[in-house]
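**Student:** take a look and give me a structure for this.
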Amino acid sequence: MSTLVGKAAVITAGASGIGEASVRHFVDMGAAVIFTDIDAAAGHSLAKELCDAGAQVVFVHGNVTDESHAIEVMQAAVASYGRVDILLNNAGIGLPGLGHEVTAADWRAVLNVNLDGTFFMAKHAITSMLLTGGGAIVNTSSIMGHVAAVGSSSYNVSKHGVLGLTKTLALEYAASNIRVNAVCPGYVDTAMGRADVAADPTIPALHPLGRIAQPIEIARAAAFLASDDASFITGTSLLVDGGYTAR
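**Tutor:** You can find the predicted model right below:
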């Protein structure tokens, strides 16, 4: 059975949705957690709730698109727990638009969060992990890293890019005992997912299981990849999509 006891984990965008479910699940599995989010109020509230319940949790407010934030978070993890064993790169956004309609600002905004932010956090987690003998990184890609959807070019590209980054880092740091994998959700019952379903009510039926995922179902998959139960898994992606890509 997977456990994260004794592990120090960093989770981005941890104040809501998949991130919040992951913070709670990683704590339940025994990890000490540092999480980040741009929503300061929600982040502080979640950290207080969990700390009051006896968990080891620290919240750091900031934006993953700023490389200095990645440095700050890793320094906070080392100061709090002495090391960084796990990084779950969860932050992501999507902005709709057909290719010819996407503005430069929207294109850049999506890639800044989904790709640049993932890279910055991984870069500085690896820098820390190299000093302590290894670790595990789980990047959040998507079914849209494997296939594509109309009207979502920037998101599709960014999530394909996350898979490319995942494979490259896995090869570069395997000899240093750093595993790098990706979790690839289908549509999930989060604010973003519910907005997608509201715009297209056929989405749940596109998943052969007949529904969209709950955030905890993605959190469990990410925790598995981060755990020692996945000790011989690196450079791959785990589809958690209710069969969406098997159609």
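**Student:** any idea how far stretch 51-63 is from the chain center?
**Tutor:** Centroid displacement of stretch 51-63 relative to its chain, using CA atoms, centre = their mean, to the nearest Å, is 17 Å.
**Student:** now do that stretch, average pLDDT.
**Tutor:** The average pLDDT for stretch 51-63 rounds to 98.
**Student:** in that stretch, what's buried?
**Tutor:** Ala55, Val57, Val58, Phe59, Val60, Gly62 (16 or more other CB atoms under 10 Å). C-beta here means a position set from N, CA and C on the backbone, and glycine is covered the same way.
**Student:** can you put those residues in JSON lines and add distance to Ala9?
**Tutor:** Below are the buried residues of stretch 51-63 laid out as JSON lines (distance: CB to CB, whole Å):
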{"residue": "Ala55", "distance to Ala9": "12"}
{"residue": "Val57", "distance to Ala9": "10"}
{"residue": "Val58", "distance to Ala9": "11"}
{"residue": "Phe59", "distance to Ala9": "13"}
{"residue": "Val60", "distance to Ala9": "13"}
{"residue": "Gly62", "distance to Ala9": "17"}
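**Student:** next step: those residues restricted to strands.
**Tutor:** Val57, Val58, Phe59, Val60 (DSSP state E).
**Student:** was I right about the third one contacting Phe35?
**Tutor:** Yes. Taking CB atoms under 8 Å as the contact criterion, Phe59 and Phe35 are neighbours in contact, 6.0 Å apart.
**Student:** list the buried residues for the worst-scoring helix or strand of the chain on mean pLDDT?
**Tutor:** Least confident helix or strand, the chain: helix 191-199 with a mean of 95, by mean pLDDT, DSSP states H and E. Neighbour counts using 16+ other CB under 10 Å place Met192, Gly193, Asp196 of helix 191-199 among the buried residues.
**Student:** for the lengthiest helix in the chain, name the packing helices and strands.
**Tutor:** With secondary structure taken from DSSP state H, the chain has its longest helix at helix 153-173. Judged by 3 or more CB pairs under 8 Å, 6 or more residues apart in numbering; DSSP states H and E, helix 153-173 is in contact with helix 104-111, helix 118-132, strand 135-140, strand 178-185.
**Student:** give me the contacts around the shortest one.
**Tutor:** Meaning strand 135-140. 18, 84-92, 118, 122, 125-126, 128-129, 162, 165-166, 169, 177-183, 185, 218, 222, 225-227, 230 (CB atoms under 8 Å, 6 or more residues apart in numbering).
**Student:** quick one: the least confident helix or strand of the chain to helix 153-173, angle?
**Tutor:** For helix 191-199 against helix 153-173, the angle by axes from the mean of the first three to the mean of the last three CA atoms, to 10 degrees is 140 degrees.
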